[in-house]
Each structure stands twice: as C-alpha cells, then as structure tokens.
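Participant: this is the structure alone, sequence omitted:
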C-alpha cells in the first residue's frame, strides 16, 4: 500500500531506527510491499527514485528497499568503506523533492545485511550505488542529506540545476 513519505522537518525523520528482530519477521512482507508501492508511486509522480528507507514512511526499523534491475531488501544493514576515496555530488531525497544538496560521499562501500529470509549477505557498491546506499543508510540513523551539506551554500532547487546545465551547454 502506498504510504505517505515524511517530509523534511518532520521530527520522526531525525530519530534513530531500531534493529529488525526475529519478532518483526511477521511484519516484513507488508513493510517491503509498502516500501515498494511507495517507491513506485514516487517514480510515477517524479520520474525518479531508486530506493527508500523504512523511516521515510514512518517505520522506525533498520530496513532499506532498493529497486534497480530487480528488488533488493536490506535488513539491519552495516556499511563499511574499503578506502578513503570520496567525491562531491548533488544529492536529492524523496523527503524533499526538488531540493538538491551538495554532499561528499565515499566512492566505494561494502554493505552487509540480512535478506528477507534473514540470510546474511554482502554486496560491494561503487559510484552511484555506493552513494545511494550511503544516503538511505543515513536515514536509519536519523541523518538527512541536508545535514551532510558541504557548506551553507550547498542547496539548489532542481529547476535551478536544469537551468544551470542548460546555460552551460549554450555557452559551449
């Protein structure tokens, strides 16, 4: 079922999520279905969106859902970084559509997690998938991209970004 995405400023977005426990297993299929439906609705509305964190729809559990080439469910994920290489990018978020934030993220990350059957898994991430999962993982700790801004001039409206890119192309 499509759920309401909590928006920037909602105090629930800044809370630390709790581990998914064995007792929660009964709820996981519904949570995953809600995350999927909400993500697909967002894609339909905004033409973007690859992942969503449970806290964004009011579920204070350490659960992430990603749909790229297929669905991925990350239960109680843990991120580690194999090196110190970082890059700067404009990050967006379903909790503040239209706003972009310049942040710094690791180029590579490893994620350990439980799948929907509570089987341990790991995945190596590079580039945009590394950034994406770092962004979603932050939601589990009550951290929004706005809190990771490079500086206080790192905020852009989506339309301004398109206009800026368009102007740069015209100058070429």
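Facilitator: That came through fine. Every value quoted in this text rests on a predicted model; they were computed, and no experiment measured them.
Participant: regarding the protein, what is its longest helix?
Facilitator: Across the chain, the longest stretch assigned as helix under DSSP state H is helix 28-46.
Participant: just checking, next helix/strand downstream of that helix?
Facilitator: strand 51-53 (DSSP states H and E).
Participant: the residue positioned nearest the centre of the chain: what's it in contact with?
Facilitator: The centroid of the chain falls nearest to residue 136 when counting by Cα atoms, centre = their mean (2.7 Å). Neighbouring residues of residue 136 by Cβ atoms under 8 Å, 6 or more residues apart in numbering: 51, 52, 53, 64, 66. Where C-beta positions appear, they are placed from N, C-alpha and C, glycine not excepted.
Participant: bridged to the first one, which residues?
Facilitator: This means residue 51. When bridges are called by DSSP bridges, residue 51 pairs up with residue 66.
Participant: for the closest residue to residue 40 other than its chain neighbours, give its distance to residue 20.
Facilitator: Excluding the flanking residues, the one nearest residue 40 by Cβ to Cβ, 6 or more residues apart in numbering is residue 67, at 7.6 Å. Using Cβ to Cβ, to the nearest Å, residue 67 is found at 19 Å from residue 20.
Participant: what's the answer for residue 61, then?
Facilitator: 5 Å.
Participant: not counting residues beside it along the chain, what's closest to residue 142?
Facilitator: Nearest non-adjacent residue to residue 142, counting by Cβ to Cβ, 6+ apart: residue 14, 4.4 Å away.
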